[in-house]
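Return a 3D structure for these sequence lines:
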Amino acid sequence: MKIAAYAFSPIVLPILLAGCAKDAPTPEAPPLANYKPDYRQGMYTYSMYCSRCHDTGEDGAPMLDDVDEWESRGILWPSLLQDHVRDGFLHMPSMGQTGLSEQNIADVIYFMTVKIEAGK
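Here you go, the predicted model:
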């Protein structure tokens, strides 16, 4: 029994072409999806980039040890804080433009949150 090669083409050709197709793009996980913030790195980042204003209250920045001021600003909203640190807010410059990574920003927010919560 002789079967012509073209008889398989409706079945075989799509399978062969599927192997050549590019994979559909998969959505990337958010950069902080599985990241556990580092307290020590946050303390370092704070001392390098944040302490000048948040230790003195310069330009209206809430001081790190002023728990009431932070509570009125919504310390319980980490994603909002992440946005403010990355993009800037009021007189605070954009830390995202200083070369800080999303992880650095998460670290400093973690450090500051722990310090504020400890002051209660």
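
if I pick Ala106, what's in contact with it?
Neighbouring residues of Ala106 by C-beta atoms under 8 Å, 6 or more residues apart in numbering: Leu32, Tyr35, Pro37, Gly42, Gln82. Any C-beta I mention is one placed from the backbone N, CA and C, and that applies to glycine too.

Make JSON lines from the residues you listed and add secondary structure and pLDDT to it.
Listed next are the contacts of Ala106 as JSON lines, based on DSSP: H, G, I helix; E, B strand; the rest coil; pLDDT from 0 to 100:
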{"residue": "Leu32", "secondary structure": "coil", "pLDDT": "67"}
{"residue": "Tyr35", "secondary structure": "coil", "pLDDT": "86"}
{"residue": "Pro37", "secondary structure": "coil", "pLDDT": "91"}
{"residue": "Gly42", "secondary structure": "helix", "pLDDT": "95"}
{"residue": "Gln82", "secondary structure": "helix", "pLDDT": "79"}
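
Using PDB, write down the CA coordinates of the helix of greatest length in the chain.
Counting by DSSP state H, the longest helix found in the chain is helix 102-118. What follows is helix 102-118, C-alpha atoms only, in PDB (Å, rounded to 0.1, in the frame of the first residue of the first chain):
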ATOM      1  CA  GLU A 102      13.100  48.500  43.500                       C
ATOM      2  CA  GLN A 103      14.800  46.200  46.100                       C
ATOM      3  CA  ASN A 104      16.700  49.100  47.600                       C
ATOM      4  CA  ILE A 105      13.500  51.100  47.900                       C
ATOM      5  CA  ALA A 106      11.700  48.100  49.500                       C
ATOM      6  CA  ASP A 107      14.600  47.700  51.900                       C
ATOM      7  CA  VAL A 108      14.500  51.300  53.100                       C
ATOM      8  CA  ILE A 109      10.700  51.300  53.400                       C
ATOM      9  CA  TYR A 110      11.000  48.100  55.500                       C
ATOM     10  CA  PHE A 111      13.700  49.700  57.700                       C
ATOM     11  CA  MET A 112      11.700  52.900  58.200                       C
ATOM     12  CA  THR A 113       8.500  51.000  58.900                       C
ATOM     13  CA  VAL A 114      10.200  48.800  61.500                       C
ATOM     14  CA  LYS A 115      11.700  51.900  63.200                       C
ATOM     15  CA  ILE A 116       8.300  53.800  63.200                       C
ATOM     16  CA  GLU A 117       6.400  50.800  64.500                       C
ATOM     17  CA  ALA A 118       9.000  50.400  67.300                       C
END
